[in-house]
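Enquirer: fold the stuff below for me.
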Amino acid sequence: MLRAETTLQQGDDIRVYRPKEGAPEGKLSWRPMRRGIADLHRRAEVSRQATERYLDALASLEEDATLHELVQRLSQPRRWRKQRVRALHPFAPEDRALLEAISRAEFTLNGFRNRDLRTVFFPRDAGNQREARRRSAWVSRRLRLLRAHGLIHKLPGTHRYQLTVGGRKAITAILTALNSTVRLVV
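Expert: Model (predicted):
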């Protein structure tokens with residue numbers, strides 16, 4: 001039996017549509033989630049959505065489509081916002097590392113940002129502003145590639161991205177194939 005549940009320890013990145021504290025009739029806007037019971041409804045909603053994404057990720061392991069069918073559309077160049085975007089090469093080291101990075105469990109709950117991927121690919125500090133901008137642009141180009149191929153989508157009103165259902169299936173199939181061994185079991 002499997003029981004899936006979500007516990008939020010640090011909700012600093014999660015937002016709640018509410019007025020300022022101390023001004024209950026004030027203007028509503030997206031504000032950080034509080035730790036008390038005041039934002040319990042939003043905490044429950046976010047937890048439910050995270051649990052559903054987690055269960056969807058587990059369910060993607062039971063896909064009946066072949067690897068070829070899932071990867072076929074990724075290996076073709078695309079047009080996105082009137083620009084050509086290169087084909088994705090999921091078996092090449094650079095694209096494989098990108099797929100592994102965006103499918104990390106820590107990004108399941110709240111998605112990921114350009115900043116999050118920069119820390120994955122560039123663990124050391126940039127040192128200067130020019131290098132920081134170059135790294136940010138590098139990650140932005142990878143995000144555009146993933147969006148063009150339909151693997152991720154942007155969360156509205158944020159700078160965050162999340163895997164699509166099809167993206168999760170394709171990435172799970174690719175990473176499973178890349179990590180499997182060819183050993184005859186008799």
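Enquirer: only C-alpha atoms from now on, for both contacts and neighbour counts.
Expert: Will do.
Enquirer: now the helices for the chain?
Expert: 40-59, 67-72, 93-102, 114-121, 129-148, 165-179 (DSSP state H).
Enquirer: excluding residues flanking it in the chain, which one is nearest the most centrally placed residue in the chain?
Expert: For the chain, residue 162 is the residue whose C-alpha lies nearest the centre (C-alpha atoms, centre = their mean; 3.4 Å). Excluding its sequence neighbours, the residue lying closest to residue 162 (C-alpha to C-alpha, 6 or more residues apart in numbering) is residue 111, at 4.7 Å.
Enquirer: next, the contact list for that neighbour, please.
Expert: 160, 161, 162, 163 (C-alpha atoms under 8 Å, 6 or more residues apart in numbering).
Enquirer: who wins on neighbours among these?
Expert: The most neighbours of any of the contacts of residue 111, using other C-alpha atoms under 10 Å, belong to residue 163, which has 24 neighbours.
Enquirer: can you check the pLDDT for that one?
Expert: Turning to residue 163, the model gives it a pLDDT of 92.
Enquirer: could you check how far residue 85 is from residue 74?
Expert: Distance from residue 85 to residue 74, counting by C-alpha to C-alpha, to the nearest Å: 11 Å.
Enquirer: sorry, back to before: kindly reformat the helices of the chain as TSV containing mean neighbour count.
Expert: Converted to TSV, the helices of the chain look like this (neighbours: other C-alpha atoms under 10 Å):
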stretch	mean neighbour count
helix 40-59	16
helix 67-72	14
helix 93-102	16
helix 114-121	16
helix 129-148	16
helix 165-179	18
